[in-house]
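**Q** With the input below, show me the fold.
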Amino acid sequence: MHLINVETLRLETFVGDNIPPYAILSHTWGADEEEVSFEDIWSGNLEKPGNRAEKLKGCCNQAKEDHLEYAWIDTCCIDKKSSKELDEAINSMFQWYKKASICYTYLSDVPHGDDSWDPGSKFFSSRWFQRGWTLQELLAPEELRFYNREWISIGRRRDMSNEVERITGISREFLLGWEDFRKAGVAQRMSWAAKRKTSRKEDSAYCLLGIFDVTMPMIYGEGDRALSRLQQEIMKITGDHSILAWGLDTAEYTPSNSAGVISAGILATAPSDFANCGHIVPRKQDATPINTFDISSGRLRMHLSIHTTSAGETFGLLNCGPEHNAEQVVGIPVYKAVSGAATGEYLRPQGRSSVLLPRTATRISTKHIHIQMGRQNRAHEAMGRRLWLHIDGHQKMNLEEEIYPPVHWEKARTLIAEANDSDGQPNITRRYLARFRTQGERSQDVIVVLEFEMHGLQPQARCHVMTSSRDTALEDLFQNFIYLRPEALGKQATSNGKLNVEVTVKEEQVAQEPMFVVRLAPASNSLEAPVDANWELYQVNLKLEFVRILQKEDQVRLETRRLAQQRDKEMATLDRMRERLAVIEEDLRKLGEEKRALSDGVEEGAQQVDELTNRLNEGRQQQDEWSRRESEIQRRLDELETKQGPGNWLETTIKTQLGTGQIGRGLKDAGDLDPRAVESGHNIDSQTPLLWAVMNRHEAVVRLLREKRRWKTLRDRLCL
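**A** Here you go, the predicted model:
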């Protein structure tokens with residue numbers, strides 16, 4: 001085993017049990033020139049143009065961080081020039097991944113910042129989950145981590161097991177190692193690889209060796225035989241019937257046509273045949289020889305219950321079925337081999353699926369049967385369903401030949417039909433037109449229309465002979481032949497005016513295959529009026545033109561009806577729109593009137609506001625003038641008070657009012673008193689104003705003097 005020293009990036013070789021702990025890389029290969037090869041790393045030439053060493057260096061750097069001294073990478077640790085080493089590596093690959101200390105799964109198509117938990121992420125659609133070889137690389141390692149293209153960790157397999165299960169269809173119990181995945185049925189394990197691809201067909205089998213714990217030599221170039229060999233190796237170590245459950249159709253069973261039965265072989269041709277088998281598990285059975293497979297002489301021998309449905313179809317009931325429905329089993333289609341074969345000889349027919357059947361059908365006793373192993377890839381090889389055409393006789397009559405559709409002649413014959421042309425249908429129909437022309441003469445051509453049919457195994461042939469001008473295109477006649485009048489068909493002879501020709505078609509057996517031989521020969525002079533292909537095509541064209549006119553008329557009628565309906569609908573919509581428009585116009589008229597009224601009101605109101613504003617300004621000016629005069633008078637009164645003593649002017653005012661009888665009437669408001677008389681201590685007749693008012697029983701004055709105590713309020717409201 002070659003390992004990379006993560007410090008020196010050089011290869012070191014280890015044998016036996018003397019293998020140190022190592023990291024292992026799982027990845028998808030790019031182009032060969034982009035990968036570091038065994039020769040590159042062995043020679044230390046890692047920087048040559050075209051090489052991309054990011055994976056190599058990223059793997060080694062991560063291994064160093066994990067305190068591992070060695071790493072293994074498949075692109076550069078296997079000498080692929082040595083077939084022996086390559087064979088050993090492929091058979092040992094699973095164990096190498098299993099024994100690794102850690103597996104780094106490098107996803108080169110997952111960018112940094114990808115939300116790997118999102119089913120729509122690049123992680124979910126990564127190419128790594130779609131490759132065949134990475135299946136065992138997912139299941140084998142004890143520890144596996146995912147990394148994106150920048151070598152930033154995405155997560156561990158055990159942490160992302162739910163997501164990996166959704167992507168791969170592999171149950172968590174197998175992903176996490178709670179149960180050995182090799183305990184899963186053969187069909188289940190095959191289904192895990194059903195959607196995976198490999199670059200070479202053989203690798204679809206070789207990449208599964210570790211999954212099924214088998215070994216076998218590598219033979220590149222054998223194609224589908226590799227998977228067949230793998231299945232036979234599996235049958236040697238298990239009696240699990242689910243290996244035969246391929247081709248399962250989980251839809252409701254419907255009978256199929258049994259005509260033209262040929263063998264599909266007993267083994268699957270690709271892992272994709274197990275796509276619907278992810279839930280199929282084997283039923284418990286003992287290990288007696290009756291439950292084993294035996295392959296010899298091109299046949300699989302096994303014990304199987306045979307069940308025939310009411311529609312006459314036969315199924316072999318396998319000892320396996322749906323994991324969560326113990327009342328169903330898988331039935332594989334089988335067909336009794338041709339008469340004369342040994343008793344118990346069956347084949348598995350092509351074109352029929354395995355189905356789920358009620359378990360009650362298994363109560364039928366089992367019997368020992370033989371099933372053909374081989375697949376018949378071409379129907380004619382098994383049943384002689386290949387038809388040939390040979391044309392003769394025209395050479396002696398100096399007639400040039402033209403065939404439509406064009407054919408490929410091989411040894412004076414051409415293959416006109418074979419079974420795989422029929423797409424699985426029991427009937428085959430072919431039509432060819434042959435034109436025969438007299439050399440150098442401007443006479444009409446002889447047209448022979450050949451029709452071949454095969455119903456089951458019985459081929460039939462018909463021919464129709466007519467004439468045409470040299471300008472008539474065979475393609476035109478070919479395409480319109482089905483529209484010719486019945487009276488124009490079935491003629492075996494014709495005349496082009498210069499030559500009478502009779503045509504016969506005979507079936508002959510050549511190398512056990514049917515060949516239709518068309519022979520042209522001179523005919524007697526007494527012939528019916530020939531069929532003119534030009535006249536027939538003229539009538540066909542008229543009829544087709546008439547049909548086209550009828551079709552156009554129908555189309556126009558339908559279109560007219562549709563347009564009338566659409567017009568009525570649009571007219572109804574138009575009426576509703578008009579009604580609505582009238583309502584809106586009335587609303588707009590009312591709004592216009594309201595707008596004009598409001599405009600007049602706004603204009604009038606604006607004038608009033610302007611007038612009031614002017615008057616307000618005048619009032620404020622007058623107020624300011626009176627305030628100024630008030631202040632001036634107050635100032636003068638204050639000066640007089642200072643000169644003549646406090647209270648003189650107030651005393652005079654009150655006495656004057658008392659003398660005139662106005663004290664009770666004029667001093668009813670707080671503004672009639674100067675608050676200074678209350679708070680400054682000024683006297684009236686040697687008494688305070690309050691005492692004076694009490695002594696003179698002026699209740700109104702007393703009440704006012706008691707209520708109005710503050711100087712500023714009384715002064716602001718004084719009205720003298």
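
**Q** The longest helix seen in the chain - what's its average pLDDT?
**A** For the chain, the helix reaching the highest residue count under DSSP state H is reported as helix 533-644. The predicted model gives helix 533-644 an average pLDDT of 91.

**Q** How is the protein divided into domains?
**A** Residue ranges of the domains in the chain are recorded as 2-180, 184-246+257-377, 384-531, 534-643, 645-717, according to automatic domain parsing.

**Q** mind checking the backbone torsions on the residue nearest in space to the middle of the chain?
**A** In the chain, the centroid-proximal residue (Cα atoms, centre = their mean) is G120; its distance is 10.4 Å. Backbone geometry at G120, expressed as degrees, to the nearest 10, gives phi -90, psi 10.

**Q** Can you list the strands that the helix or strand harbouring F436 pairs with?
**A** Assigned by DSSP states H and E, F436 falls within strand 427-438. Strand pairing for strand 427-438, using DSSP bridges, gives strand 399-404 (antiparallel), strand 445-455 (antiparallel).

**Q** Would you tell me which of those strands gets closest to E65?
**A** In this view, the strands paired with strand 427-438 are compared for proximity to E65 by Cβ to Cβ, and strand 445-455 is the closest at 70.6 Å. C-beta coordinates here come from the backbone N, C-alpha and C atoms, glycine included.

**Q** starting at the chain centroid, how far to that closest one?
**A** Taking Cα atoms, centre = their mean, to the nearest Å, one finds strand 445-455 lying 47 Å from the centre of the chain it belongs to.

**Q** burial count for D159?
**A** The burial count assigned to D159 is 12, neighbours taken as other Cβ atoms under 10 Å.

**Q** Can you name the helix or strand that V334 falls in?
**A** Of the helices and strands defined by DSSP H and E, V334 is found in strand 328-336.

**Q** mind checking how far T250 is from I152?
**A** 41 Å (Cβ to Cβ, to the nearest Å).

**Q** more neighbours, these two?
**A** Neighbour comparison, T250 and I152: the larger count goes to T250, with 14 against 11 (by other Cβ under 10 Å).

**Q** what about the residue nearest to the more buried one when sequence neighbours are not counted, which SS state?
**A** Among residues not flanking T250 along the chain, N276 sits closest, at 5.3 Å (Cβ to Cβ, 6 or more residues apart in numbering). At N276, secondary structure determined by DSSP: H, G, I helix; E, B strand; the rest coil is coil.

**Q** And for N276, the neighbour number?
**A** By the measure other Cβ under 10 Å, the count of residues near N276 is 19.

**Q** Just read off the phi/psi values of it.
**A** phi -100, psi 20.

**Q** wait, it sits on D249?
**A** Yes: N276 is in contact with D249 according to Cβ atoms under 8 Å; the separation is 7.0 Å.

**Q** If M454 is in a bridge, with which residues?
**A** Each beta-bridge partner of M454 is listed here: I428, P459, as defined by DSSP bridges.

**Q** Quick one, grab the pLDDT at it.
**A** Each residue has a pLDDT score; the one for M454 is 71.

**Q** and what of Y97?
**A** Confidence per residue is given as pLDDT, and for Y97 that number is 96.

**Q** can you tell me how far the nearest residue to it once chain neighbours are set aside sits from K99?
**A** Once flanking residues are discounted, Y97 sits nearest to A140: 3.8 Å by Cβ to Cβ, 6+ apart. Using Cβ to Cβ, one gets 9 Å for the distance from A140 to K99.

**Q** So between those two, which is more surrounded?
**A** For A140 against K99, the residue with the higher neighbour count under other Cβ under 10 Å is A140, and the figures read 22 against 17.

**Q** and A245, what is it in contact with?
**A** For A245, the contacting residues are 187, 274, 277, 280, 318, 320, 330, 332, 354, taking Cβ atoms under 8 Å, 6 or more residues apart in numbering as the criterion.

**Q** surely the second one meets K195?
**A** No: in this structure F274 lies outside contact range of K195 using Cβ under 8 Å: 10.3 Å.

**Q** Those two: which has the busier surroundings?
**A** When F274 is set against K195 and neighbours are counted by other Cβ under 10 Å, the residue ahead is F274, at 25 against 14.

**Q** got a pLDDT number for the more buried one?
**A** Taken from the predicted model, the pLDDT recorded for F274 is 96.

**Q** still on that earlier bit, the strand holding F436: which residues count as buried?
**A** Of the residues in strand 427-438, 428, 430-438 count as buried by neighbour count, 16 or more other Cβ atoms under 10 Å.

**Q** So for it, mean pLDDT?
**A** What strand 427-438 shows for mean pLDDT is 85.

**Q** can you give me the angle it makes with helix 533-644?
**A** An angle of 120 degrees separates the directions of strand 427-438 and helix 533-644 when computed by axes from the mean of the first three to the mean of the last three Cα atoms, to 10 degrees.

**Q** about what we covered before: return the residues in contact with the residue nearest to the centre of the chain.
**A** No contacts exist for G120 under Cβ under 8 Å, 6+ apart.

**Q** For stretch 107-123, the averaged confidence score.
**A** In this model, stretch 107-123 has an average pLDDT of 95.

**Q** buried sites along it?
**A** Residues of stretch 107-123 classed as buried: 107-108, 110, 114, 116, 121-123 (neighbour count, 16+ other Cβ under 10 Å).

**Q** Quick one: list the elements packing against the longest helix of the chain.
**A** Where contact means 3 or more Cβ pairs under 8 Å, 6 or more residues apart in numbering; DSSP states H and E, helix 533-644 is packed against strand 458-468, helix 474-480, helix 648-659.

**Q** Pull out the buried residues from the second one.
**A** Using 16+ other Cβ under 10 Å as the burial criterion, the residues of helix 474-480 that qualify are 474, 477, 480.

**Q** just checking, what packs against that helix?
**A** Helices and strands touching helix 474-480, by 3+ Cβ pairs under 8 Å, 6+ apart, are strand 399-404, strand 427-438, strand 445-455, helix 533-644.

**Q** one more time with 6 Å, if that's ok
**A** The contact analysis (3 or more Cβ pairs under 6 Å, 6 or more residues apart in numbering; DSSP states H and E) places helix 474-480 against strand 427-438.

**Q** Where does pLDDT dip in the stretch 1-150 of the chain?
**A** Within the stretch 1-150 of the chain, the stretches falling below the threshold (pLDDT under 70) are 48-51.

**Q** scratch that, the stretch 201-350 of the chain is what I was asking about
**A** 252-260, 286-291, 338-343.

**Q** next one: stretch 355-371 to chain centre, how far?
**A** In terms of Cα atoms, centre = their mean, the centre of stretch 355-371 is set 39 Å apart from its chain centre.

**Q** That stretch - what's its average pLDDT?
**A** Model confidence over stretch 355-371, given as mean pLDDT, is 80.

**Q** Let me see the residues that make contact with that stretch.
**A** Residues from elsewhere that reach stretch 355-371 (Cβ atoms under 6 Å, 6 or more residues apart in numbering): 253, 266, 299-301, 303-305, 307, 317, 327-329, 331, 344-346.

**Q** Let's see the PyMOL selection covering just the buried ones among those.
**A** A single PyMOL command is used to select the members of those judged buried by 16+ other Cβ under 10 Å:
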select buried, resi 253+266+299+300+301+303+304+305+307+317+328+329+331+346
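
**Q** mind listing which of the contacts of stretch 355-371 are in strands?
**A** When strands are assigned by DSSP state E, the members of the contacts of stretch 355-371 inside them are 299-301, 303-305, 307, 317, 328-329, 331, 345-346.

**Q** In JSON lines, list these along with distance to G30.
**A** Converted to JSON lines, these look like this (distance: Cβ to Cβ, whole Å):
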{"residue": "R299", "distance to G30": "45"}
{"residue": "L300", "distance to G30": "42"}
{"residue": "R301", "distance to G30": "47"}
{"residue": "H303", "distance to G30": "50"}
{"residue": "L304", "distance to G30": "47"}
{"residue": "S305", "distance to G30": "51"}
{"residue": "H307", "distance to G30": "51"}
{"residue": "L317", "distance to G30": "48"}
{"residue": "Q328", "distance to G30": "45"}
{"residue": "V329", "distance to G30": "46"}
{"residue": "G331", "distance to G30": "45"}
{"residue": "E345", "distance to G30": "51"}
{"residue": "Y346", "distance to G30": "48"}
